[in-house]
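What follows is a predicted protein model with its sequence.
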Amino acid sequence: MAVRRSADPAKTRAAVAAVADWLRDERLPAPGRTEIAEAVRSTARTLAAAAPGAAVEVRVPPFVAVQCIPGPKHTRGNPPNVVETDPRTWLRLATGLTSVDDAAAAGTLQLSGSRAAEIAASLPLVALPD
């Protein structure tokens, strides 16, 4: 069984701060895989803590998948409500640099199921440092 880790607000802020410049300006070189992974995982855990439940699965391959949003729990096969995106888009959502609607319109965020868009109510999760 996978180990569930809780969100640590201080570690989450530090992880996001480490990739903040790249999130603001895509022309900058991407941070290392380890830095991106830590920021993605910690913000996804923060979402799961902020909106506990198992009605929606948020996937940010290759780093993390979490369940969130109160409602019926899904246990087998493909979940009915899925949010999937790339790491940079996820972090921009988590920090409020982009919205769920804008990312979906741009094609960088896939929403499937009638409840997937409900994650918007829990975003942003962390503020970017100045």
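Here it is on my side, so go on. Bear in mind that the values here come from a model prediction, so they are computed numbers and not experimental data. Residues are numbered from 1 along each chain as shown.

where does this protein dip in pLDDT?
Flagging of the chain using pLDDT under 70 yields the residue ranges 1-5, 74-75.

how far away is Thr108 from Leu47?
17 Å (CB to CB, to the nearest Å). C-betas here are computed from N, CA, C, even on glycine.

The two: who's more crowded?
Leu47 (25 against 16; other CB atoms under 10 Å).

Tell me which residues are up against the helix or strand hosting the more buried one.
Leu47 is located in helix 33-50, with elements delineated by DSSP states H and E. Here helix 33-50 makes contact (CB atoms under 8 Å, 6 or more residues apart in numbering) with 5-9, 11-12, 15-16, 18-19, 30, 58, 60, 63-68, 87-88, 90-91, 94-95, 119, 122-123, 125-126.

and it, which residues are buried?
Within helix 33-50, the residues scored as buried using 16 or more other CB atoms under 10 Å are 36-49.

Could I get the full set of helices for this structure?
All helices of the chain, identified by DSSP state H, fall at 9-24, 33-50, 87-94, 100-106.
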